[in-house]
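Enquirer: sharing a model prediction with you, sequence too.
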Amino acid sequence: MPSYTREQLKNGVTASANITTGAKTFSLENNSTSVSYFTIEGTSYYYSSSTHEGPAYRQIFSSASITSLTNCSTITESMHAGFIVDPLSTASFSFTPSVTIPSSHIKFTATNTLVYSIDDPTSSGSYFGVSLSY
């Protein structure tokens, strides 16, 4: 079961393994008292042809769907899905690819915050927002 820390998601991370076909239940644990934002994105690559050159993005949602949302809402398009996760909750949804998605083609990111205690100048800080497992 892959899992990603709040710190990893803040910095953005590609999947640790290919995501195979069939339904996977994604779980987002939000430890913040505010809503948190999470995205699944197709990674960028360089596209070149006689008619177009430049960066392009993998269209992962042309072959994957999201259903059964709990404690979150989403907006999807062909290249990414954005989620709003309720405060202090565990959100979940079913992610169902119809083809295997290579790990290098998918990236997870969250708008997590790093908070330091003003009462402890030696504090290394704590991350607030979502963690992911599936």
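Expert: That came through, no problem.
Enquirer: quick one: low-confidence residue ranges for this protein.
Expert: 47-54 (pLDDT under 70).
Enquirer: center of it, which residue is that?
Expert: Centroid-nearest residue in the chain, with C-alpha atoms, centre = their mean: Phe108, separated by 3.1 Å.
Enquirer: could you list every residue that touches it?
Expert: Residues near Phe108 by C-beta atoms under 8 Å, 6 or more residues apart in numbering: Tyr4, Leu9, Gly12, Val13, Thr14, Ala15, Phe38, Thr39, Ile40, Glu41, Leu132. In this view, the C-beta of every residue, glycine as well, is placed from N, C-alpha and C.
Enquirer: and the strands in this protein?
Expert: Along the chain, the stretches classed as strands by DSSP state E are 3-4, 13-14, 24-30, 36-42, 44-48, 53-57, 64-70, 72-76, 80-85, 90-97, 106-110, 113-115, 126-128, 130-133.
Enquirer: closest to Thr76 among the contacts of Phe108?
Expert: The shortest approach to Thr76 among these belongs to Ile40, at 8.7 Å (C-beta to C-beta).
Enquirer: that closest one bridge partners, please.
Expert: Assessed by DSSP bridges, Ile40 has beta-bridge partners Ala81, Phe108.
Enquirer: brilliant, that's me finished.
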